[in-house]
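Asks: Sequence plus the predicted model coming up.
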Amino acid sequence: MSERFGGRYSPDGSRRDHRNAEVQQTLPEPRIRHRLAGRPKWVTIASSPFLALAFFQSPTGMFTDLAAFGLIASGMWMTREGLVAEAAYEVRRVAKRPAIPRKLFGGVLAALGLGIGVAEPGVLTDGVLVGVAGMILHVLSFGTDPMRDKGATGVDDFQQDRAHRMIQEAEDLLDQMRDAILRAGDLQLERRVDRFAATVEGLFDRVRDNPGDLSGARRYMGIYLMGARDATVKFASLYGRTRDASVRASYETFLDDLEKDFKAKSRKLLDSDRSDLDIEISVLRDRLMREGVQPETEPKALVSDQAQTLDDLLSYDVTKEKTR
């Protein structure tokens, strides 16, 4: 689709620049990407000679080379998934360790592929040694999977599992919204949906931090998101055919209102958590006072008729004031 040329000194240029600046400020941050996410691809490319030379050997050699390449490629795919899970684990304050140690399984598959690829018929020693070396290099290159929960002290496992399942279903609805808006063929609308998704993910983070808030957020993460998904599907289908500006304006207003509701719910959950904390502190303070533990009082400020300036205050003798 063509786009009208414009700039700072063009008609309506200042207003357009202002709108673009607002859109840029409200764009969601890019998703977290692991710093080692590109390495598995290069390892897979480095193992491509197994695939290229497999068809120039005997049937046994062809089978072993194809198996070696397949195992290494599968191991690198599993390792990449492990890096994605680790990046999500690191960015969250409360997270459970991955249920499947993907990087460990990826290292084992890659080691088996290397061992099979270099092993000679009837001689397994070389293949075993190369496989062990490959496993060690895999651990040194990609690290290990997170092996413990983070920030889960005092959190009910049952509530956390329920919250995790609900968040996963809600994230699937958001992905379906992003996929549906692509049919509209409008980049600005795609960014608008991404901004809405970023607001919703803020609510997800609130529920992850305190799974007890799930009951209050269930309607937003279920019914409201499902309705937003359905509305996006219908809008993308209609707008893709008609390019009706009124339909677009109505959809953007709908997203604005829904986004305000999600922000208000996140603030309400935060205020509720703060109120619960104040109650806990008040109850604990009352118990300490009943047991005879008095809170420390703030020291009284120094008051003197002689200390009129900073130099007078520094040279003032406190002992004289006490004996007065």
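Replies: Perfect, I can see it now.
Asks: For stretch 170-184, list every residue counted as buried.
Replies: Ala170, Glu171, Leu173, Leu174, Gln176, Met177, Ala180, Ile181, Ala184 (16 or more other C-beta atoms under 10 Å). The C-beta positions use only the backbone N, C-alpha and C, and glycine is treated the same way.
Asks: Model confidence for the nearest residue to the fifth one once chain neighbours are set aside, exactly?
Replies: With C-beta to C-beta, 6 or more residues apart in numbering as the measure, Arg229 is the residue that lies nearest to Gln176, at 5.2 Å, once sequence neighbours are left out. pLDDT, the model's per-residue confidence, is 91 for Arg229.
Asks: doesn't Leu173 make contact with Arg229?
Replies: Yes: between Arg229 and Leu173 there is a contact under C-beta atoms under 8 Å: 4.9 Å.
Asks: Can you get me a residue count around the nearest residue to Gly70 once chain neighbours are set aside?
Replies: Take Gly70 and drop its neighbours on the chain: the residue closest to it by C-beta to C-beta, 6+ apart is Gly113, 7.3 Å away. Applying other C-beta atoms under 10 Å, we find 26 residues neighbouring Gly113.
Asks: gap between the residue nearest to Gln176 and Glu169?
Replies: The spacing between Arg229 and Glu169, counted by C-beta to C-beta, to the nearest Å, is 11 Å.
Asks: Which one's more surrounded, the two?
Replies: Looking at Arg229 and Glu169 with other C-beta under 10 Å, you find the greater number of neighbours at Arg229, namely 19 against 13.
Asks: Just the element for that one, please.
Replies: Take DSSP states H and E as the rule and Arg229 turns out to sit in helix 225-242.
Asks: Toward the C-terminus, what is the element adjacent to that helix?
Replies: Counting by DSSP H and E, the element after helix 225-242 in chain order, helix or strand, is helix 245-290.
Asks: Low-confidence ranges, the protein, go.
Replies: 1-32, 93-94, 121-123, 150-157, 271-280, 283, 286, 288, 292-324 (pLDDT under 70).
Asks: picking that back up, just the closest of the buried residues of stretch 170-184 to Ala88, please.
Replies: Ala88 lies nearest to Glu171 out of these, by C-beta to C-beta, at 11.0 Å.
Asks: what about the closest one, which helix or strand?
Replies: With DSSP H and E as the criterion, Glu171 is inside helix 157-181.
Asks: can you list contacts of that helix?
Replies: Helix 157-181 is contacted by residues 96, 152, 189-190, 193-194, 196-197, 200-201, 204, 207-208, 211-212, 214, 218, 221-222, 225-226, 228-229, 232-233, 236 when judged by C-beta atoms under 8 Å, 6 or more residues apart in numbering.
Asks: which of those count as buried?
Replies: By the neighbour-count criterion of 16+ other C-beta under 10 Å, the contacts of helix 157-181 include these buried positions: 96, 189, 193-194, 196-197, 200-201, 204, 207-208, 211-212, 214, 221, 225, 228-229, 232-233, 236.
Asks: Walking through the stretch 51-200 of the chain, point out its helices one by one.
Replies: For the stretch 51-200 of the chain, helices defined by DSSP state H, counting those that start in this stretch occupy the ranges 59-91, 102-118, 125-142, 157-181, 187-209.
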